[in-house]
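>>> Provide a 3D model corresponding to the input given below.
(2 chains)
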Protein chains: 2
Amino acid sequence: MTERTRVRRLPELAHDDRSTLDALLDAALVAHVAIADGSGPVVLPMACARDGDRLLVHGSTGSRLMRALTAGSPSCTTITLLDGAVYARSAFASSMRYRSAVVFGRYSLAEDQLQALEVLTERLLPGRWSELRRPTDKELAATAVLAVPLLEWSVKVSDGWPDDDPADLDAPVWAGVVPCHTTWGPALDAPDLAPGRPPSTAVLDRITLDQTWRT
Amino acid sequence: MTERTRVRRLPELAHDDRSTLDALLDAALVAHVAIADGSGPVVLPMACARDGDRLLVHGSTGSRLMRALTAGSPSCTTITLLDGAVYARSAFASSMRYRSAVVFGRYSLAEDQLQALEVLTERLLPGRWSELRRPTDKELAATAVLAVPLLEWSVKVSDGWPDDDPADLDAPVWAGVVPCHTTWGPALDAPDLAPGRPPSTAVLDRITLDQTWRT
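Okay, the predicted model is just below:
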């Protein structure tokens, strides 16, 4: 832990185990990546995937953010998942359930672009890589996968219940949590899809992937 | 539009109308707020709500980020909603459906803290404000609602279909979009909930709020 990864607000929510970090990164598809230039900070969303001890992000080689990251600009990458709404007996004690990770570091071009692209594609579209042709050299040149090591990071997890002032416990109001979930589906055919091309098992599997709370 | 809000990558996805910005902000609950200090950028998630021509965020008056924002530090706030996965016939053409907004500016303390807190609470917990007691002075002093004007911003919307290379259209693979959605529910009672306190209509309404795709 470094000074800037010490969680100061609600430190009881901090987790310092890699398994909590990994579980969050493996559940997220989007990271918010920040750099700073002469006129201040800039933060943009990027598709992301964890690959062992590094976090991969992907973008066009022509973008300003990608150029700054590739050049080794100091960065901060934050990944957040909203897990629910916490209905307490006061506005002050009301909150959200969430998980968030902050990763500091400098990105660099992933050495193995093709393998990194496979990891990212499989994360965003599980099972898809083997269904598709290999990228061409021209395609590989137009985009890049960057990697930041998972060395300087913090994780915060808010997964509790309303923590009300004892004086509020008799308030004539419901209290509890309404969880939220990401659900996928249905599979919508592309307008130019040729006949006889049904969704693969991998695509259909996704449609129920995140609906376990319904069972 | 300023130089830094001009969308350079895929400018055909840029929208410059306030109604698209407002619809995105009104559908999101979390913003990623970035500042920069001497050691580089820092970006953290914050609960957010649009209030007319300003964006509100909320946090503890003791946090580093809140202190920097309150002091008028240049900031960049990005709001992203993931709307689906785009299955193209190549990894290169595959992508995600998403909406994202970037707002540059300096935050300041919202003048009307109580009213701003009501807007934020109602955004996060629709219909809840009137069910709860008023915040105490002590509670109001412990947190703050900050506001940034919606003046310098950009919005990008990716809501299309696979845009494949014509040579790939005969690939023997499904192509299309799998949308994703946020669903809420069920309402889970707090462990310390007294008997005879059922969820209100406002709480129950939320549980089906975002499941319209199922109808």
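
>>> Where do the strands of chain A begin and end?
Applying DSSP state E to chain A gives strands spanning A:14-15, A:30-37, A:40-51, A:54-60, A:74-87, A:95-106, A:108-109, A:143-149, A:152-158, A:176-184, A:188-189.

>>> Enumerate every residue touching the residue nearest in space to the middle of chain A.
The residue lying closest to the centre of chain A (Cα atoms, centre = their mean) is A:Ala28, at 3.0 Å. Listed by Cβ atoms under 8 Å, 6 or more residues apart in numbering or on different chains, the contact set of A:Ala28 reads A:Cys48, A:Ile79, A:Thr80, A:Leu81. C-beta here means a position set from N, CA and C on the backbone, and glycine is covered the same way.

>>> now do 6 Å
When contacts are counted by Cβ atoms under 6 Å, 6 or more residues apart in numbering or on different chains, A:Ala28 is found next to A:Ile79, A:Leu81.

>>> and it, what pLDDT?
With respect to pLDDT, A:Ala28 scores 97.

>>> and if you look at A:Met1?
pLDDT at A:Met1 comes out at 66.

>>> same check, this time on A:His15
A:His15 is given a pLDDT of 85.

>>> neighbours around the closest residue to it other than its chain neighbours, how many?
Excluding its sequence neighbours, the residue lying closest to A:His15 (Cβ to Cβ, 6 or more residues apart in numbering or on different chains) is A:Val155, at 4.6 Å. Close neighbours of A:Val155, defined as other Cβ atoms under 10 Å in any protein chain shown, add up to 25.

>>> Which strands or helices does the lengthiest helix in chain A pack on?
Using DSSP state H, we find that the single longest helix of chain A is helix A:113-124. When contacts are defined as 3 or more Cβ pairs under 6 Å, 6 or more residues apart in numbering or on different chains; DSSP states H and E, helix A:113-124 packs onto strand A:40-51, strand A:54-60, strand A:143-149.

>>> Other residues contacting the second one?
Strand A:54-60 has contacts (Cβ under 6 Å, 6+ apart) with A:46-49, A:66, A:116, A:120, A:143, A:145-149, B:9.

>>> Show me which positions of that strand end up buried.
A:Arg54, A:Leu55, A:Leu56, A:Val57, A:His58, A:Gly59 (16 or more other Cβ atoms under 10 Å in any protein chain shown).

>>> Please put the alpha-carbon coordinates of it into CSV.
What follows is strand A:54-60, C-alpha atoms only, in CSV (Å, rounded to 0.1, in the frame of the first residue of the first chain):
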residue,chain,number,x,y,z
ARG,A,54,-2.0,-6.8,-15.3
LEU,A,55,-5.0,-4.9,-16.5
LEU,A,56,-5.5,-4.6,-20.2
VAL,A,57,-7.3,-1.8,-22.0
HIS,A,58,-7.9,-1.4,-25.7
GLY,A,59,-8.2,1.5,-28.0
SER,A,60,-7.4,3.2,-31.3
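
>>> quick check: angle from it to strand A:40-51?
Interaxial angle of strand A:54-60 relative to strand A:40-51 (axes from the mean of the first three to the mean of the last three Cα atoms, to 10 degrees): 120 degrees.

>>> Strand A:54-60 to strand A:152-158, inter-axis angle?
90 degrees.

>>> Next: the last one.
If you take the same axes, to 10 degrees, strand A:143-149 sits at 90 degrees to strand A:152-158.

>>> which residues are contacting strand A:143-149?
Contacts for strand A:143-149 (Cβ under 6 Å, 6+ apart): A:54-58, A:60-61, A:69, A:105, A:107, A:110, A:113, A:116-117.

>>> Only alpha carbons, please: show that strand as PDB.
Taking C-alpha atoms only, strand A:143-149 is exported to PDB below (Å, rounded to 0.1, in the frame of the first residue of the first chain):
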ATOM      1  CA  THR A 143      -5.600  -0.600 -32.500                       C
ATOM      2  CA  ALA A 144      -3.500  -1.400 -29.500                       C
ATOM      3  CA  VAL A 145      -3.800  -3.200 -26.200                       C
ATOM      4  CA  LEU A 146      -2.100  -1.500 -23.300                       C
ATOM      5  CA  ALA A 147      -1.300  -3.000 -20.000                       C
ATOM      6  CA  VAL A 148      -0.800  -1.600 -16.500                       C
ATOM      7  CA  PRO A 149       0.700  -3.800 -13.700                       C
END
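
>>> Flag every buried residue along that strand.
Result for strand A:143-149 [16+ other Cβ under 10 Å]: buried residues A:Thr143, A:Ala144, A:Val145, A:Leu146, A:Ala147, A:Val148.

>>> from the residues you listed, which single one is nearest A:Ser90?
Nearest to A:Ser90 among those: A:Val148, at 39.7 Å, using Cβ to Cβ.

>>> give me every residue that touches A:Thr49.
Residue A:49: Ala, not Thr. A:Leu56, A:Val119, A:Leu120, A:Arg123.

>>> typo on my end, it should be A:Glu152
A:Thr2, A:Thr5, A:Phe104, A:Gly105.

>>> let's see 8 Å
With Cβ under 8 Å, 6+ apart, A:Glu152 has these contacts: A:Thr2, A:Arg4, A:Thr5, A:Val103, A:Phe104, A:Gly105.

>>> List only buried entries from these.
Here, 16+ other Cβ under 10 Å leaves A:Thr5, A:Val103, A:Phe104, A:Gly105 buried among these.
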